[in-house]
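[1] Using only what follows, build the 3D model:
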Amino acid sequence: MAAAPASGSSRAVGSAPRVGLVYDDRMCAHATPDGDYHPENPERLRAIWRKLAAEGVASRCLVMKAKEAKEKYIASVHTKNHVKLMKNISSKEYDSRRNRTANKFNSIYFNEGSSESAFLAAGSVIEVSEKVAAGELNSAIALVRPPGHHAEHNEAMGFCLFNNVAVGANYLLNERPDLGIKKILIVDWDVHHGNGTQKMFYSDPRVLFFSVHRFEYGSFYPSQGDGSHCFIGEGAGQGYNINVPWEHAGCGDADYVAVWDHVLLPVAEAFDPDIILLSAGFDAAKGDPLGGCCITPDGYALLLTKLLGFAKGRIVLALEGGYNLKSIANSVCACARVLLGDKFTFNDPEMQPFEATWRVIEMVRDELKTYWPVLSSKLPENVPLRSTPSHIEPYASSGSESDVEDVDELPDAVSSVNIIQLVDDGLSERITMLKLDQENLATKKTSSCTTVERSPANSTWRSALSKVNVWYASFGSNMWKPRFLCYIEGGKVDGMSISCSGSQDTSPPQGTMWKTVPHRLFFGRSSTPCWGTGGVAFLSPEINYNDKSYICMYKITLEQFNDVLFQENRLVKDNSEDGKIESPGSPLIALPEMESISSNKALHLEPIKDSWYSNVLYLGEEDGLPILTMTCPATDVARHKSGELPLAPPSETYSATLIKGLVEGKQLDTNEAANYINAAATRDL
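    Model prediction:
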C-alpha cells in the first residue's frame with residue numbers, strides 16, 4: 001500500500017522549526033515504594049533523554065523544565081476529591097496507608113515522589129500546549145510520567161494518576177480562549193484504549209478523540225468494552241469519538257498507515273483542528289513487552305508526518321506508555337526528528353495490512369459515515385492483505401534495555417501478554433472456555449454492532465459456571481451482607497415478608513469490596529412482594545459523571561450470579577406437591593453472554609425482557625474479574641421519566657436495610673446514609 005504524503009505545512013521555507021522538549025528528572029521520583037521492578041519506571045524517561053542527547057536531537061530543541069499544574073486546572077477534568085488525594089498521597093500522613101490506598105485502584109502504585117510527579121506531568125502538557133497554541137513553538141514533546149490517558153474523572157488507573165492530555169485540552173479550550181483554539185484533535189496511538197480521555201470529552205464536539213488500540217473484543221486492558229467502534233460519542237459529541245479496535249496482536253506499520261489513510265486523515269481534514277494533542281504511547285512498538293504490536297520507529301515517524309499537514313503543524317506529543325527502553329527511545333527520537341524537519345525514507349515495499357485490519361476499517365467507516373460523509377466513499381479494491389494470524393507466540397521481555405539491542409533485529413514473534421492485567425490460572429481457564437464456547441455462538445446484527453444470542457441450554461452449565469468468578473455489584477438492600485446472604489443461603493432478614501430460596505451453591509462470597517460508580521440511583525415502582533409499599537432501588541444504565549452511587553461488590557461464581565438473577569426476577573418456583581424448589585434449567589448469563597457484556601457494557605436479557613431486573617450492566621473489572629450488576633432497561637427509565645411507571649420513596653424497612661449496608665460497610669455514618677437515600681428518592685430523573 002502506498003503511503004499518502006502529508007498535507008503541506010505552514011512553516012516558512014528555510015526556517016528552523018522551534019520544537020519544545022520538556023524533560024525534568026523530578027518526574028523520575030515516582031517509583032514503586034519497595035524498589036521492585038515495574039514496567040512503568042523512571043528509566044523510561046532517562047533512556048529517552050540519553051538517546052536524544054546522544055543523537056544531538058535534544059540540543060536542537062528548546063529544552064524546558066516542568067512546571068507544576070495549578071490545582072484548579074486539574075480540577076477542571078478531575079473531581080476535587082481525586083485532586084486532593086493525589087496532592088496528599090506522598091505526604092507523611094499517608095506513610096502508613098499509602099500502599100493500601102494504591103490497592104483500591106486498578107494497576108496503581110504510590111511513593112513519596114508520586115504527588116510532585118503527577119502535578120509536574122499535567123503542568124508540562126499545559127505549558128507546552130499553551131506555547132504551541134500561542135505560536136511561541138511550532139510543536140513540542142512532553143516527556144512526562146506518570147502517563148495519563150487511563151485516568152478517569154474520579155480515579156487513577158492503569159499507571160495513570162492525572163489525565164495529562166485532557167488537562168491540557170481543557171486548559172486551551174476553557175482557560176485561554178484568547179489563543180483561538182476552538183477545535184482540538186486528540187490522537188491516541190498508545191496500544192491501550194484511552195478510556196479516561198474518551199469519557200471526559202464524550203459529549204464535547206470541540207474535541208475529536210481518535211484512539212487506535214488493541215481491543216480483542218474487550219478482553220485487552222482496560223477491558224471496559226467502550227473501546228469498541230460502536231462508541232462514537234453522545235449528544236452534541238456524537239461522531240466526535242472514534243475508536244479503531246484491533247482484533248488481535250501483531251499489528252504494525254501497514255495496519256496503522258491504512259487506518260490513517262482511510263479513517264483518521266479524511267476526518268481530520270473535515271474537522272480542521274486548530275491544534276493536535278497526541279497521546280504518544282509507544283507500547284505498540286515492536287518489542288514492547290505489554291503491547292504485542294509491531295510499529296517501527298520509522299512507522300511512528302510516518303504516522304506523525306501525515307499529521308503535520310493539519311493545524312498548521314501545531315502538534316504536542318505527550319508521552320503515555322511504552323515499556324521497552326530501546327524501542328521507546330528510538331521511537332521518540334524518530335518523532336523528534338520529524339518535528340525538527342529532518343528527512344527520512346520509509347522503505348517497506350509490501351505494506352500489507354491484516355485482513356482483520358481492513359474489516360475493522362470498514363466497520364469504523366460504516367459506523368461514522370453519517371457524521372463524516374467523507375467516509376461514505378468506496379474503499380480501494382484488490383488491496384493485498386495478510387492473513388489474520390491464528391496464534392502469536394509470546395515475546396518474553398522484562399522491558400530492560402538489555403533485552404533488545406536493536407529494534408530492527410527483534411524477532412517476528414511478539415507479545416500477547418497483558419502485564420497490566422495479570423492472568424491467573426483461573427482466568428486462563430475461563431479464557432480457554434470462552435474460546436471453546438465461541439463455536440456455538442449465534443450472532444445477530446444491530447446497526448453495525450454485533451450482539452450475542454444465548455447458545456442452547458447445556459445440562460452441565462452449573463458445573464462449568466461454578467469455575468468462573470465475577471463481582472456482583474449491589475446498590476440496593478443487598479449492600480447489607482445479611483440480606484445478600486439470603487440469596488446465597490436462603491431465608492430472610494427483618495423487614496422481608498417472604499423468604500429467598502438461596503443458591504444451589506451456598507458457599508459464602510470469596511471477597512467483599514466497596515466502590516462508587518457514575519450512575520444515578522433512583523427508587524421506582526409502588527410496592528414489592530418482599531418489602532410492601534414503596535419503591536425499590538434501580539441504577540440508571542446511563543453513565544453520568546455528575547452522579548455517584550455506592551456499590552457493595554461480592555466475589556461469587558457465575559453460577560451463583562445466575563441464581564441471584566433468577567431470584568431477583570422471581571423465576572424460582574416452589575413446587576408445593578413435593579416441596580422442591582424449581583429454578584430455570586439454563587443460565588441467563590453464560591460465557592457467550594459474558595463476552596457480549598464486556599464488549600457492549602450491557603445486555604438486556606430477552607428471555608425475561610419484561611422483568612424488573614432484566615438488564616445486566618458491566619461496570620469494569622477488579623483484580624481481573626468483571627463487575628456485574630442488574631437493573632432495569634433504559635426503556636423503563638424512560639417510562640419512569642414520563643410518569644408511565646411510578647417513582648416512589650422506599651418503605652421504612654427497605655430504607656433501613658440500605659442504611660445498614662452503608663453504615664456497616666463503613667461508607668457513611670447513619671445520617672449521611674439517610675441523606676444519601678433521601679436524595680436519591682426525591683430527585684427527579
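[2] got the contact list for stretch 676-685?
    Residues from elsewhere that reach stretch 676-685, judged by C-beta atoms under 8 Å, 6 or more residues apart in numbering: 520-523, 535, 537, 540, 549-550, 637, 640-641, 647, 649-650, 655, 658-659, 662, 668. Yep, even glycine has a C-beta here, placed from its N, CA and C like the rest.
[3] which residues of the stretch 401-550 of the chain fall in helices?
    Secondary structure of the stretch 401-550 of the chain by DSSP state H, counting those that start in this stretch: the helices cover 425-437, 461-465, 481-489.
[4] circling back to that earlier point, any of the contacts of stretch 676-685 buried? List them.
    When neighbours are counted using 16 or more other C-beta atoms under 10 Å, these contain these buried positions: 520-523, 535, 537, 540, 549-550, 637, 640, 647, 650, 655, 658-659, 662, 668.
[5] Filter these down to just the ones in strands.
    Among the buried ones among the contacts of stretch 676-685, the members found in strands (DSSP state E) are Arg520, Leu521, Phe522, Phe523, Ala537, Ser540, Ser549, Tyr550.
[6] downstream neighbour of the longest helix belonging to the chain in the secondary structure list?
    Counting residues, the longest helix in the chain under DSSP state H turns out to be helix 114-134. For helix 114-134, the following helix or strand on the C-terminal side (DSSP states H and E) is strand 139-142.
[7] Past that following strand, which element shows up next along the chain?
    Downstream of strand 139-142 (by DSSP H and E), the next one is helix 164-170.
[8] Give me the contacts around that next one.
    69, 73-74, 76-77, 121-122, 124-126, 129, 142, 144, 147-149, 151, 184, 186, 188, 196-197, 200-201, 207, 277, 279, 316, 318.
[9] if you set the cut-off to 7 Å instead, what comes out?
    Identification of contacts with helix 164-170 by C-beta atoms under 7 Å, 6 or more residues apart in numbering yields 69, 73-74, 76-77, 121-122, 125-126, 129, 144, 148-149, 184, 186, 196-197, 200, 207, 277, 279, 318.
[10] Got the phi and psi for the closest residue in space to Lys65 that isn't next to it in sequence?
    For Lys65, ignoring the flanking residues on the chain, the nearest one in space by C-beta to C-beta, 6 or more residues apart in numbering is Asp24 at 5.2 Å. Main-chain torsions, Asp24, degrees, to the nearest 10: phi -150, psi 120.
[11] what does Arg97 give?
    For Arg97, the backbone dihedrals (degrees, to the nearest 10) come out as phi -130, psi 10.
[12] contacting residues for it?
    By C-beta under 7 Å, 6+ apart, Arg97 lies in contact with nothing.
[13] Relative to Leu290, how far out is it?
    Taking C-beta to C-beta, to the nearest Å as the measure, Arg97 and Leu290 are separated by 29 Å.
[14] Same check on Ile551?
    Ile551 sits 29 Å away from Leu290, going by C-beta to C-beta.
[15] With Met496 instead?
    Met496 is 48 Å from Leu290, by C-beta to C-beta.
[16] So which of those two has more stuff around it?
    A direct count of neighbours by other C-beta atoms under 10 Å for Met496 and Leu290 places Leu290 higher, at 26 against 20.
[17] Specify the local secondary structure of the more buried one.
    Under DSSP: H, G, I helix; E, B strand; the rest coil, the three-state class of Leu290 is coil.
[18] For it, give me phi and psi.
    Backbone geometry at Leu290, expressed as degrees, to the nearest 10, gives phi -100, psi -30.
[19] List the contacts of the closest residue in space to Asp204 that isn't next to it in sequence.
    Excluding the flanking residues, the one nearest Asp204 by C-beta to C-beta, 6+ apart is Gly237, at 5.2 Å. By C-beta under 7 Å, 6+ apart, the residues touching Gly237 are Phe201, Tyr202, Ser203, Asp204, Pro205.
[20] Show the buried residues in these.
    Among those, those classed as buried by 16+ other C-beta under 10 Å are Phe201, Tyr202, Asp204.
[21] Just to be sure, the second one is in a helix?
    No: counting by three-state DSSP, one finds Tyr202 to be coil, located in no helix.
[22] what's it in contact with, if anything?
    Taking C-beta under 7 Å, 6+ apart, we find Tyr202 in contact with Gly233, Glu234, Gly237, Asn241.
[23] Which members of these are positioned in strands?
    Asn241.
[24] By neighbour count, which of the contacts of Tyr202 wins?
    Tallying neighbours with other C-beta under 10 Å puts Asn241 at the head of the contacts of Tyr202, with 24 neighbours.
[25] Against Lys67, how distant is the nearest residue to that residue once chain neighbours are set aside?
    Leaving aside its chain neighbours, Asn241 sits nearest to Gly233 (3.8 Å; criterion: C-beta to C-beta, 6+ apart). Using C-beta to C-beta, one gets 32 Å for the distance from Gly233 to Lys67.
[26] was I right about Ser549 contacting Val517?
    Yes: assessed by C-beta atoms under 7 Å, Ser549 is found in contact with Val517 at 5.6 Å.
[27] any residues touching stretch 263-278, and which ones?
    With contacts defined as C-beta under 7 Å, 6+ apart, stretch 263-278 is touched by 4, 129, 132-133, 165, 168-169, 172, 180-187, 208, 210, 242, 244, 306-307, 310-311, 314-318, 361, 364-365, 372, 374-375.
[28] mind showing which ranges of the stretch 551-685 of the chain have poor pLDDT?
    Low-confidence segments of the stretch 551-685 of the chain (pLDDT under 70): 574-580.
[29] doesn't Val187 fall inside a strand?
    Yes: counting by three-state DSSP, Val187 is located in a strand.
[30] Just the pLDDT at it, thanks.
    Looking at Val187, its pLDDT reads 98.
[31] again, but for Val13
    pLDDT for Val13: 47.
[32] Next: His153.
    Value for His153, per-residue pLDDT: 96.
[33] And it, how close does it get to Asn546?
    10 Å.
[34] the more surrounded of the two?
    His153 (16 against 7).
[35] and that one, what does it touch?
    Neighbouring residues of His153 by C-beta under 7 Å, 6+ apart: Val77, His78, Thr79, Lys199, Met200, Tyr545.
[36] Kindly report the same for Glu355.
    Residues counted as contacts of Glu355 (C-beta under 7 Å, 6+ apart) are Leu385, Arg386, Ser387, Thr388.
[37] ok so, going back, the residue nearest to Asn241 contacts Asn243, correct?
    No: here Gly233 lies out of contact with Asn243, judged by C-beta under 7 Å, at a distance of 10.2 Å.
[38] what residues are shared contacts of His153 and Asn546?
    Counting by C-beta under 7 Å, 6+ apart, His153 and Asn546 have no common neighbour.
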